[in-house]
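Undergrad: need a structure here:
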Amino acid sequence: MGFLIARLGHEVAVVRRDEDPSAVAASFSAAVVVLDGSDSLAETTDAAAAIERLVPSAKVIVVTDAATAGDHQFRVMPKWGLFDQLGLEIEVAAASAADSIPAHPR
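TA: Below you'll find the model as predicted:
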């Protein structure tokens, strides 16, 4: 999936299983983080919370193999649905993240 996102013109860092996604997101000052929640949505929820603590301006999008219902603090999308829709979601989230960062921090 990282390859497809990179083809849309985004910088992509693929996180290995032994890496902490929140630390990687913080090291890049990520505006948008796409997490794969197919294996465990509970673990993904923990990872999203850690990202939000370390990079409060980052927007988190979770992709999953199966449809999920529930109240999440992040956007959940089908992993293998319309890829253009994921690209649009990334663009909207990136614009939203950019709007939330002050131009001149005090």
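Undergrad: which other helices and strands contact the top helix by length along the chain?
TA: Longest helix of the chain, by residue count under DSSP state H: helix 83-99. On a contact count with 3 or more Cβ pairs under 8 Å, 6 or more residues apart in numbering; DSSP states H and E, helix 83-99 meets helix 2-7, strand 32-36, strand 59-64, strand 75-78. C-beta coordinates here come from the backbone N, C-alpha and C atoms, glycine included.
Undergrad: CSV for these, including mean pLDDT?
TA: Formatted as CSV, those follow (pLDDT from 0 to 100):
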stretch, mean pLDDT
helix 2-7, 83
strand 32-36, 92
strand 59-64, 89
strand 75-78, 78
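Undergrad: and the ones you listed as a markdown table, adding distance to Asp20?
TA: Output for the helices and strands packed on helix 83-99, formatted as a markdown table (distance: least, Cβ to Cβ, whole Å):
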| stretch | distance to Asp20 |
| --- | --- |
| helix 2-7 | 17 |
| strand 32-36 | 12 |
| strand 59-64 | 15 |
| strand 75-78 | 21 |
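Undergrad: With distance to Asp18 and mean neighbour count added, can I get these in TSV?
TA: Shown next, in TSV, are those (distance: least, Cβ to Cβ, whole Å; neighbours: other Cβ atoms under 10 Å):
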stretch	distance to Asp18	mean neighbour count
helix 2-7	17	12
strand 32-36	15	21
strand 59-64	20	21
strand 75-78	25	16
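Undergrad: Appreciated, that's everything.
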